[in-house]
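In: Structure for this input, please:
(chains A and B)
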Amino acid sequence: MSTEITTDVVVIGAGPCGLFAAFELGLLDLKCHFIDILDRPGGQCAELYPEKPIYDIPGFPVVTGQQLTDNLMAQIAPFAPEFHFNRMVNSIEKQEDGSFKLSTDADEVFHTKVVVIAAGGGSFQPKRPPVDGIEEFENKSVFYSVRKMDDFRGQDLVIVGGGDSALDWTLNLEPIVNSLTLVHRRPVFKAAPASVNKMHELVAEGKINFITGQIAKLDGENGQINHVHLTTDAGDLSVPATRLLPFFGLTMKLGPVADWGLELNDNTIKVDTEKFETSVPGIFAIGDINWYPGKLKLILSGFHEAALMAQAAKAIVSPGERVVFQYTTSSTKLQKKLGVA
Amino acid sequence: MIIHVTDQAGANHELEGLEGWRVMEVIRDWGLNIKAECGGALSCATCHVYVDKDWMDVVGAPSDEEEDMLDSVGDVRSNSRLSCQILCSDALDGLKVTLAATAAKD
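Out: Sure, this is the predicted structure:
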């Protein structure tokens, strides 16, 4: 049975712009729920460059992606938004009363008056290796994550990659597979040194194979692979395989957003510049995912867009209610909401 | 300065580069098919290019961090580079690169 949640606003994407939207919405007494495909807040900032410095956030001469995320989380804490991580929104349906029904791949249904898409470059999805025809094997014998270890029991497994995911699953699955071949393009690994050392021990014991090379082609039929072809410095090689796990990290794709009936511009969503509303009234788009003439893909632009969006969202959630514009520096009402007065 | 870029479809483009810009920024600014997801933070490898063999020495070798990022694409060759790590300069006038399949937008 699905979980039913009713709220004022659902924000899709918990990156910096989405998080700041919760602050602006909170000041206007609007309750929000976040849905994000990642397992933590921060979006691209926390996923792609948590330790990289950002120099163009007003008031911060320099701040890292993770610091910015942490600060935004602290800033919105008084409004206690609720987070739903590791989920993707599958569909948005407009209801007769103008509200929306959102369904996620975690079997949740959200009833909300306003939807804010703050999904940056789209949803993070595993990078697909550039191998012709790999799609026909995906989720049958080629997987980008391990959901159930037992699916790999007794299999001839090939793992590709040199990061922590590749090494962790090499070590975890080795005891239960029939054979395991780890493939990486070079003999240098980004993974934790202890994992790399353990992997080398297993290679020395003959329990796994390690091949320096790249995946070139897959053989098989009806979604079931039987061989993985590799290119190596020593020439081409074919490895018998019934399961393949490529670990090339994540990339962003627009994903299901493209199917929600919104007017698009290339891979972005068209909005107006008064409210940052999409072609569907009640659905807003802020941050890198939106487009309007003159759009700059900067975090600070998304903050500005969040503030204007929130004013429009308030008018939808509380029609007819007069909203008096206030400053946090002088309004005791706002300061009470923030827990500082 | 001029950069010669061959796109994923094999079409050649002669782009005007600006000193101090990154090659990725020039390619993106001209609207070619480059994703450049992280915007130059050396965090994604979606601006992957192959540097023409004649230009390899001039461009120089990738850093260790760049090599680490190249691990996240499956079509690496000996002349692979991330174009966000190549700075335009007079020494690179006439540079020839080819966009990798993995640099394409969706």
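In: So B:Asp71 sits against A:Gly163, correct?
Out: Yes. With the criterion set as C-beta atoms under 8 Å, B:Asp71 and A:Gly163 qualify as a contacting pair; they are 6.9 Å apart. From N, CA and C alone the C-beta is placed, and that goes for glycine too.
In: Please say which of the two ends up with more neighbours.
Out: When neighbours are counted by other C-beta atoms under 10 Å in any protein chain shown, B:Asp71 and A:Gly163 differ, and B:Asp71 comes out ahead with 22 against 19.
In: Quick one: residues contacting that one.
Out: B:Asp71 is in contact with A:161-163, A:184-186, A:190, A:248, counting by C-beta atoms under 8 Å, 6 or more residues apart in numbering or on different chains.
In: any idea how far it is from A:Ala22?
Out: When C-beta to C-beta, to the nearest Å is the yardstick, B:Asp71 and A:Ala22 sit 36 Å from each other.
In: And for B:Asn33?
Out: Taking C-beta to C-beta as the measure, B:Asn33 and A:Ala22 are separated by 35 Å.
In: With A:Ala315 instead?
Out: Distance, A:Ala315 to A:Ala22, using C-beta to C-beta: 18 Å.
In: Which of these two has more residues huddled nearby?
Out: Shown here are A:Ala315 and A:Ala22; by other C-beta under 10 Å, A:Ala22 has more neighbours (31 against 14).
In: that's a helix at that one, yeah?
Out: Yes. Counting by DSSP: H, G, I helix; E, B strand; the rest coil, one finds A:Ala22 located in a helix.
In: Test my guess that it contacts A:Pro78.
Out: No. No contact is recorded between A:Ala22 and A:Pro78 when judged using C-beta under 8 Å, the distance being 10.1 Å.
In: so how far is stretch A:163-175 off the chain centroid?
Out: Centroid displacement of stretch A:163-175 relative to its chain, using C-alpha atoms, centre = their mean, to the nearest Å, is 23 Å.
In: and A:Glu138, how many neighbours does it have?
Out: A:Glu138 has 14 neighbouring residues, counting by other C-beta under 10 Å.
In: what's the closest non-adjacent residue to the residue in chain A that chain B sits nearest to?
Out: Among the residues of chain A, A:Pro129 lies closest to chain B, at 3.7 Å counting by C-beta to the nearest C-beta. Once its chain neighbours are removed from consideration, A:Pro129 has its nearest residue in B:Gly74; the separation is 3.7 Å (C-beta to C-beta, 6 or more residues apart in numbering or on different chains).
In: What of A:Ala46?
Out: Per C-beta to C-beta, 6+ apart, closest to A:Ala46 is A:Thr69, 4.9 Å.
In: And that neighbour, how far from A:Pro41?
Out: Plainly put, A:Thr69 is 6 Å away from A:Pro41 if you go by C-beta to C-beta.
In: Show me whatever sits in contact with both of those two.
Out: Between them, A:Thr69 and A:Pro41 have A:Leu19 as joint contacts when contacts are counted by C-beta under 8 Å, 6+ apart.
In: ok, and what's touching the helix or strand bottoming out on mean pLDDT in chain A?
Out: Sorting the helices and strands of chain A by mean pLDDT, DSSP states H and E puts helix A:43-48 at the bottom, at a mean of 86. Judged by C-beta under 8 Å, 6+ apart, the contacts made with helix A:43-48 from elsewhere in the structure are A:13-16, A:18, A:36, A:38, A:40, A:54, A:65-66, A:68-69, A:120-121, A:124, A:250, A:252, A:288, A:299, B:37-38, B:41, B:43-44.
In: make it 6 Å
Out: The set of residues that contact helix A:43-48 without belonging to it, under C-beta atoms under 6 Å, 6 or more residues apart in numbering or on different chains, is A:15-16, A:65-66, A:68-69, A:120, B:38, B:43-44.
In: Quick one: mean pLDDT over the helix or strand that that helix is followed by.
Out: Past helix A:43-48, further along toward the C-terminus, the next helix or strand under DSSP states H and E is strand A:53-54. Strand A:53-54 shows a mean pLDDT of 91.
In: Using the three-state scheme, assign A:Glu136.
Out: Recorded secondary structure, A:Glu136: helix (three-state DSSP).
In: buried sites along the helix ranked longest in chain A?
Out: Taking DSSP state H as the criterion, chain A has its longest helix at helix A:299-317. Within helix A:299-317, the residues scored as buried using 16 or more other C-beta atoms under 10 Å in any protein chain shown are A:299, A:301-303, A:305-310, A:312-314, A:316-317.
In: Touching stretch A:80-92 from outside, list them.
Out: Contacts to stretch A:80-92, defined as C-beta under 6 Å, 6+ apart, come from residues A:12, A:22, A:32-37, A:39, A:100, A:102-106, A:123, A:256, A:260.
In: and the residues you listed, which are buried?
Out: Neighbour-count burial (16+ other C-beta under 10 Å) applied to the contacts of stretch A:80-92 gives A:12, A:22, A:32-37, A:100, A:102, A:104, A:123, A:260.
In: Mind checking which of the residues you listed are in strands?
Out: Judged by DSSP state E, the subset of the buried ones among the contacts of stretch A:80-92 located in strands is A:12, A:32-35, A:100, A:102, A:104, A:123.
In: Provide the count of other residues in contact range of the residue of chain B at minimum distance from chain A.
Out: Sorted by distance to chain A under C-beta to the nearest C-beta, the residues of chain B start with B:Gly74, at 3.7 Å. By the measure other C-beta under 10 Å, the count of residues near B:Gly74 is 22.
In: I figured it hits A:Lys127, correct?
Out: No. Between B:Gly74 and A:Lys127 there is no contact, the gap being 8.1 Å when judged by C-beta atoms under 6 Å.
In: Please identify the residues of chain A in proximity to chain B?
Out: Near chain B, the residues belonging to chain A are A:48-49, A:52, A:129-130, A:162, A:185, A:190, A:214-215, A:248-249, A:252-253 when assessed by C-beta under 6 Å from any C-beta of the partner chain.
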